[in-house]
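Asker: following is a predicted model, sequence given first.
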Number of protein chains: 2
Amino acid sequence: MKPELHVFKIGGGIIDNESDLMEFVRLFAKINGPKILVHGGGKGASEMMKSLGIAPRMVNGRRITDAATLDLVTMFYAGKTNKQIVVALQSHGVNALGLSGADGNVIQATKRPVREIDYGFVGDLSEASVNTNLIQQFLTLGLTPVFCPINHDGQGQLLNTNADTIAASVAKALSRQYAVALHFCFEKRGVLTDINDENSVISTINLANYAELKESGVIADGMLPKLENAFEALQFGVEKVIIEHALHINDPLKTTLCLT
Amino acid sequence: MKPELHVFKIGGGIIDNESDLMEFVRLFAKINGPKILVHGGGKGASEMMKSLGIAPRMVNGRRITDAATLDLVTMFYAGKTNKQIVVALQSHGVNALGLSGADGNVIQATKRPVREIDYGFVGDLSEASVNTNLIQQFLTLGLTPVFCPINHDGQGQLLNTNADTIAASVAKALSRQYAVALHFCFEKRGVLTDINDENSVISTINLANYAELKESGVIADGMLPKLENAFEALQFGVEKVIIEHALHINDPLKTTLCLT
């Protein structure tokens, strides 16, 4: 039997509200056994850019990570947000270790190739990106890795990577050694059949009812790429994917994704 | 025989000039065996504060680390500078691991007590501050720890600590397991007998000629606390302390401090 490993991802909605973030940290600290946290960005970096008079660069409605943006998100995600979470976890007795992909070369990304759009300093991940061995060593030392969404290309260039992608890649890479539960936390209690009804959480989605839910339009928009990612992770060997509210990770009300 | 360990400290003068910093990184990467880098701040954080309209708080000519300053220096030192160094070291094949004291709880500080002046969020170190065991584990894994001057108190509070102090504390703590050479790098080739003559480097200072050099006034001002710190480290068990130019760490011209 593989040992259990919990990989959590939290996004901007929780990070932007300090008391919510601290409440999540308190709950996350209580989870027993090896665990990993991946955090995204938040509005803070954009707000700071505004204050500094740096305009966000947009192409076809997509945000471009130019050099000035990369500089600022690195400061914000790897400096402020990452350390804020690490120091709070330490105060709850969790031996957190903040990491960008460059630290210990734990995640190496490839700059997204320029096709129709040049996204700038954005890093894509492949199966070989995650340094499974070193992450496992950290876990064995009793450390809880806390990843910010900044990676590197091994050639001296930092790159910004979507936090969902990092969480899924880390979960997949570690699924050979661990029975991985991948938790996507956000501001809803799971996948809802009715967006206006917080209690309409679908408790289990497997490949069969996923197809139905897509067809009927219950699952649409932003939830689609999340779930595609999730099923890919399951097919790769991740034991289960859970979609849940960041402030209710202990409650039974949540959506669990599995293959069958 | 204890294995050798090199602990380097670089300060603002090198960090503020990107090409100098990259040259230092190139030289540091060539040093064989286990090594540790401690970096200070630089002018970048102050300049950013100015751009954001945050005035530095001064009391009796001393800079105070208030909450807004701490926030900004954390972003700058732990985010920008630390990752800039780590990613550059990685590109030179050094498996650097960026750390604040909060990461892995490697350094725990105590908020400086308020006496005549309240320095704000400044952390002092004691002999028990450094988590020697975990740093040794990192070194055994082939990692090169890169410390930024941000620590924590274990209660959820980040604290700003002088980088010279961190370097000396880390060197002292590891001197039981390693033959530690502590390198203070700056923009001179060592301790000079004539401040205007770059070649007037004193090659060796021991406790006997240190007393003479102090008395004659050759060593004064800013160099005094540095050397006091250095001799304290030697008395604690650090093998040697070297004061040298950050861009000439391979050259023989430098000041070596030893007890006798």
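Answerer: Received it, and whenever you're ready, just let me know what you need.

Asker: how about residue A:31, nearest residue that isn't a chain neighbour?
Answerer: The spatially closest residue to residue A:31, leaving aside those adjacent along the chain, is residue A:6, at 5.7 Å (CB to CB, 6 or more residues apart in numbering or on different chains). Bear in mind the C-beta positions are built from the backbone N, C-alpha and C, glycine included.

Asker: and the one you found, how far from residue A:28?
Answerer: 9 Å (CB to CB, to the nearest Å).

Asker: let me know the outermost residue of chain A.
Answerer: Within chain A, the residue lying farthest from the chain centre (CA atoms, centre = their mean) is residue A:53, at 28.9 Å.

Asker: next, the buried residues of the strand or helix carrying residue A:210.
Answerer: For residue A:210, the element it lies in under DSSP states H and E is helix A:207-215. Neighbour counts over helix A:207-215 (16 or more other CB atoms under 10 Å in any protein chain shown) mark A:210, A:213 as buried.

Asker: got the CA positions of that helix in PDB?
Answerer: Taking Å, rounded to 0.1, in the frame of the first residue of the first chain, the C-alpha atoms of helix A:207-215 are listed here in PDB:
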ATOM      1  CA  LEU A 207     -16.200   9.600 -16.500                       C
ATOM      2  CA  ALA A 208     -19.800   8.400 -17.200                       C
ATOM      3  CA  ASN A 209     -21.800  11.100 -15.600                       C
ATOM      4  CA  TYR A 210     -19.100  13.700 -16.500                       C
ATOM      5  CA  ALA A 211     -20.100  13.200 -20.200                       C
ATOM      6  CA  GLU A 212     -23.700  13.700 -19.300                       C
ATOM      7  CA  LEU A 213     -23.100  16.800 -17.200                       C
ATOM      8  CA  LYS A 214     -21.100  18.300 -20.100                       C
ATOM      9  CA  GLU A 215     -23.700  17.500 -22.600                       C
END
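
Asker: which residues touch stretch A:211-227?
Answerer: Contacts to stretch A:211-227, defined as CB atoms under 8 Å, 6 or more residues apart in numbering or on different chains, come from residues A:164, A:184, A:191, A:193, A:202, A:205, A:210, A:243, A:257.

Asker: switch the cut-off to 6 Å
Answerer: The contact list for stretch A:211-227 (CB atoms under 6 Å, 6 or more residues apart in numbering or on different chains) reads residue A:193.

Asker: quick check: end-to-end length of that stretch?
Answerer: 11 Å (CA to CA, to the nearest Å).

Asker: and the closest residue to residue A:233 other than its chain neighbours, what's its pLDDT?
Answerer: Spatially, and ignoring its direct neighbours in sequence, residue A:233 is nearest to residue A:168 (4.9 Å; CB to CB, 6+ apart). We note a pLDDT of 96 for residue A:168 in this prediction.

Asker: residue boundaries of the helices in chain A?
Answerer: With DSSP state H as the criterion, chain A has helices at A:12-15, A:18-29, A:43-51, A:67-73, A:82-91, A:132-140, A:163-174, A:207-215, A:223-236.

Asker: state the mean pLDDT of the last one.
Answerer: Computed over helix A:223-236, the mean pLDDT rounds to 91.

Asker: what's the pLDDT at residue A:41?
Answerer: Residue A:41 is given a pLDDT of 88.

Asker: ditto for residue A:104
Answerer: pLDDT recorded at residue A:104 is 98.

Asker: pull the number of nearby residues for it.
Answerer: By the criterion of other CB atoms under 10 Å in any protein chain shown, residue A:104 has 27 neighbours.

Asker: so who does it touch?
Answerer: By CB under 6 Å, 6+ apart, residue A:104 lies in contact with A:134, B:97, B:143.

Asker: find the closest residue to chain B in chain A.
Answerer: residue A:79 (2.3 Å; CB to the nearest CB).

Asker: that residue: what's it in contact with?
Answerer: Residue A:79 touches B:74, B:75, B:78, B:79, counting by CB under 6 Å, 6+ apart.

Asker: find the residue closest to residue A:85 in space, skipping its chain neighbours.
Answerer: Nearest residue to residue A:85, sequence neighbours excluded (CB to CB, 6+ apart): residue A:146, at 5.6 Å.

Asker: next: residue A:8.
Answerer: Residue A:8's closest residue in space is residue A:183 (CB to CB, 6+ apart), at 4.5 Å.

Asker: please apply the same query to residue A:138.
Answerer: residue A:145 (5.5 Å).

Asker: go on, residue A:45?
Answerer: Leaving out its chain neighbours, residue A:45 is closest to residue A:76 (CB to CB, 6+ apart), at 4.0 Å.

Asker: so that neighbour sits against residue A:46, correct?
Answerer: No - using CB atoms under 6 Å, residue A:76 is not in contact with residue A:46, being 9.2 Å away.

Asker: more crowded one of the two?
Answerer: Neighbour count, other CB under 10 Å: between residue A:76 and residue A:46, residue A:76 has more, with 24 against 18.

Asker: only alpha carbons, please: show stretch A:98-107 as PDB.
Answerer: Output in PDB follows, covering the C-alpha atoms of stretch A:98-107 (Å, rounded to 0.1, in the frame of the first residue of the first chain):
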ATOM      1  CA  GLY A  98       8.400  27.700   0.600                       C
ATOM      2  CA  LEU A  99       9.500  26.800  -2.900                       C
ATOM      3  CA  SER A 100       9.600  28.300  -6.400                       C
ATOM      4  CA  GLY A 101      10.400  25.800  -9.100                       C
ATOM      5  CA  ALA A 102      14.000  27.200  -9.200                       C
ATOM      6  CA  ASP A 103      14.600  26.200  -5.500                       C
ATOM      7  CA  GLY A 104      16.300  22.900  -5.500                       C
ATOM      8  CA  ASN A 105      15.300  22.800  -9.200                       C
ATOM      9  CA  VAL A 106      12.100  21.100  -8.100                       C
ATOM     10  CA  ILE A 107      10.100  22.200 -11.200                       C
END
